[in-house]
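A.B. asks: just to be clear, the model below is a prediction. Sequence and coordinates:
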Amino acid sequence: MKNRLVERHVLFAVSVICLAVLDGCGSPQQGPGHEGVRETAAEVMDGEQLYNRYCKMCHSLGPPPKFGPPVKGIAMHYREAFTDKEEAVEHMVTFMQSPDPAMSKCRPQAIERFGLMPAMDLPEGTLRVVSDWFWEQFDPELRHQHGSGHDH
Ligand code: HEC
């Protein structure tokens, strides 16, 4: 009888630990860019807030870069590749849903240096808002400093 009781306590403890562990691993993909994505995606945020939350850990605004090319550099390459903002935004959204080196508008050295960007597990509307913000960060000053030797 006493053993049974102990057994039950142990079982209870084990299930509490399991729950705690599961809770901490709500998202199957761990690592930068995926923490807290699910529970906050429904919030309404503007482009800059979305950037701060989901992109900033890898994309600094201007040089020096972190784990990916700076936003201003990306904006510059997208403005070279597209004249139409809508098209550029759509392209970024598709890219973020499933990054593909063949679709990259940055130079091939960017992927060689930083690796391929992980897919962003965010609703399409959210990706559109943040892509729009990326496009707007274009800084004409950067073009002058953007000589040889850069790699995005
Ligand atoms: C875990 C790091 C990481 C996070 C988080 C991240 N990115 Fe990236 N991103 C990269 C890397 C690395 C590259 C460069 C290689 C490439 O193009 O895939 C990149 C490239 C890009 C590009 C250029 C794609 C091209 O044409 O080559 C865009 C646009 C972009 N990111 C947007 C975003 C946005 C918007 C967010 C936030 C919602 C974000 N990224 C979050 C790592 C990240």
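C.D. replies: All right, it came through fine.
A.B. asks: quick check: residue 92 touching residue 129?
C.D. replies: No - assessed by C-beta atoms under 8 Å, residue 92 is found out of contact with residue 129, at 11.1 Å. C-beta here means a position set from N, CA and C on the backbone, and glycine is covered the same way.
A.B. asks: once you drop chain neighbours, what's closest to residue 79?
C.D. replies: residue 138 (5.4 Å; C-beta to C-beta, 6 or more residues apart in numbering).
A.B. asks: my read: the one you found touches residue 75, true?
C.D. replies: Yes - using C-beta under 8 Å, residue 138 is in contact with residue 75, at 4.0 Å.
A.B. asks: compare these two (neighbour count), which wins?
C.D. replies: residue 75 (21 against 18; other C-beta atoms under 10 Å).
A.B. asks: could you check the pLDDT of the residue nearest to residue 79?
C.D. replies: As predicted, residue 138 sits at a pLDDT of 95.
A.B. asks: can you check residue 104 too?
C.D. replies: 96.
A.B. asks: I'd like the distance between it and the ligand.
C.D. replies: Here the criterion is C-beta to the nearest ligand atom, to the nearest Å. By it, residue 104 lies 3 Å from the ligand.
A.B. asks: one more: residue 62?
C.D. replies: Counting by C-beta to the nearest ligand atom - residue 62 and the ligand are separated by 15 Å.
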